[in-house]
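**Student:** this is a predicted model, with the sequence first.
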There are 2 protein chains.
Amino acid sequence: MSATASQHPDFDASRCPVRDVLDQIGDKWTLLILLTLVATPARFSAIQRAVPDISKRMLSQTLRNLERNGMITRQVFATKPPSVQYAMAPLGEALLEPMSQLVKWAEDHHRHIRAARERFDQADAG
Amino acid sequence: MSATASQHPDFDASRCPVRDVLDQIGDKWTLLILLTLVATPARFSAIQRAVPDISKRMLSQTLRNLERNGMITRQVFATKPPSVQYAMAPLGEALLEPMSQLVKWAEDHHRHIRAARERFDQADAG
DNA sequence: CGGAATCCCATCCGATACTG
DNA sequence: CAGTATCGGATGGGATTCCG
């Protein structure tokens, strides 16, 4: 779409910052990992233990994306065997501020959402 | 929140409210539609014009999910041809409060994210 | 006008096996 | 220990067609 055509006040659909951020934190593991690292820096296997259901494949992939986007840092120690420490970067810590608002909202309103869902599904069935 | 098993302070991986909310607003169209409806209630075709790239299939599907979760309301007028009006429900308006924080954060920090990305990609290439 | 049904492709993600 | 490579099922979402 053209630069001028958007009907959204704060929202230009192309190169949209919010889409960009949402695509990242909206995936299955990103937020879990960030919430793990905000408590304390951790190594690969420690994160995997803290997020039990994640596979090595997804952990590796999600961590790399987080590092690429400047949300976390990655530091390699040439011990034997080598260890790698991940930690929050300033940008990631900054992100968790609005995110924690959303987390709180979700916890506060989850009951309402589930209730609405049941009403809808029952009306649909009846 | 969870009593026993979770390693995450505020995060129980099963039946997680945040996952639930994130799955919904993290999809491709939900936020766009909410931001369209917060300005004014609108009919199906009006929303589709306001979000030009969306297909009828995805618009219909996303609207139904939003209604199911209590975020928007749907009112049918038996005119000829019939018209259907969608509008924000209280729950949806409440959600937009923390969401607008996130939108603002994304806009404020998008430059940093893109810069981090370029650094990472260049280090990778070199 | 406001959908539902179908088809199909792209991406996500888990499981497994292998490597330095 | 900290990954990478490959496969395959599940899901997301676009295009098209049909319906009340």
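**Tutor:** That came through, no problem.
**Student:** which strand or helix spans the nearest residue to residue A:51 once chain neighbours are set aside?
**Tutor:** Excluding its sequence neighbours, the residue lying closest to residue A:51 (C-beta to C-beta, 6 or more residues apart in numbering or on different chains) is residue A:32, at 5.0 Å. Glycine gets a C-beta too; all of them are placed from N, C-alpha and C. With elements taken from DSSP states H and E, the one containing residue A:32 is helix A:30-39.
**Student:** helices or strands up against that helix?
**Tutor:** Applying 3 or more C-beta pairs under 8 Å, 6 or more residues apart in numbering or on different chains; DSSP states H and E, one finds that helix A:30-39 contacts helix A:17-25, helix A:44-50, helix A:56-68, strand A:83-88, helix A:90-125.
**Student:** and the longest one, anywhere near chain B?
**Tutor:** Yes - Helix A:90-125 lies within reach of chain B by C-beta under 8 Å from any C-beta of the partner chain, at A:91, A:94-95, A:97-99, A:101-107, A:109-110, A:112-113, A:115-117, A:119-121.
**Student:** PyMOL command for the buried members of those residues?
**Tutor:** Buried subset of the residues of helix A:90-125 next to chain B, written as a PyMOL selection, criterion 16 or more other C-beta atoms under 10 Å in any protein chain shown:
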select buried, chain A and resi 91+94+95+98+99+101+102+103+105+106+107+109+110+113+116+120
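**Student:** returning to what we had before: how many neighbours does the residue nearest to residue A:51 have?
**Tutor:** Using other C-beta atoms under 10 Å in any protein chain shown, residue A:32 is surrounded by 22 other residues.
**Student:** per-residue confidence at it?
**Tutor:** Listed pLDDT for residue A:32 reads 95.
**Student:** ditto for residue A:123
**Tutor:** pLDDT, read off for residue A:123, is 85.
**Student:** buried residues, stretch A:21-40. List them.
**Tutor:** The neighbour-count check on stretch A:21-40 (16+ other C-beta under 10 Å) flags A:21-22, A:24-26, A:29-38 as buried.
**Student:** ok, of these, which one's closest to chain B?
**Tutor:** Relative to chain B, the closest of the buried residues of stretch A:21-40 is residue A:26; by C-beta to the nearest C-beta it sits at 2.4 Å.
**Student:** interface residues of chain A facing DNA strand C?
**Tutor:** Within chain A, the residues that sit near DNA strand C (C-beta under 7 Å from any atom of the strand) are A:27-29, A:53-58, A:81-82.
**Student:** mind doing that once more with 10 Å?
**Tutor:** For chain A, the contact set with DNA strand C under C-beta under 10 Å from any atom of the strand comprises A:23-24, A:26-30, A:51, A:53-62, A:65, A:80-84, A:124.
**Student:** where does the prediction get shaky in chain A?
**Tutor:** Scanning chain A with the threshold set as pLDDT under 70 gives A:1-14, A:126.
**Student:** apply 50 and report the result again.
**Tutor:** A:1-14 (pLDDT under 50).
**Student:** close to DNA strand D: what parts of it are there?
**Tutor:** A:23, A:26, A:42-49, A:55-61, A:63-64, A:67, A:74-77, A:79-86.
**Student:** tell me the buried residues in stretch A:38-47?
**Tutor:** With burial defined by 16+ other C-beta under 10 Å, the residues of stretch A:38-47 counted as buried are A:38, A:41-42, A:44, A:46-47.
**Student:** quick check: end-to-end length of that stretch?
**Tutor:** End-to-end distance for stretch A:38-47, by C-alpha to C-alpha, to the nearest Å: 11 Å.
**Student:** give me the contact list for it.
**Tutor:** Applying C-beta atoms under 8 Å, 6 or more residues apart in numbering or on different chains, the contact partners of stretch A:38-47 are A:33, A:36-37, A:50, A:59-60, A:63, A:83-88, A:92-93, A:96, B:9.
**Student:** how close does the closest residue to residue A:59 other than its chain neighbours sit to DNA strand C?
**Tutor:** In this structure, residue A:59 finds its nearest non-sequential neighbour in residue A:48, 5.5 Å apart by C-beta to C-beta, 6+ apart. As judged by C-beta to the nearest atom of the strand, to the nearest Å, residue A:48 and DNA strand C stand 11 Å apart.
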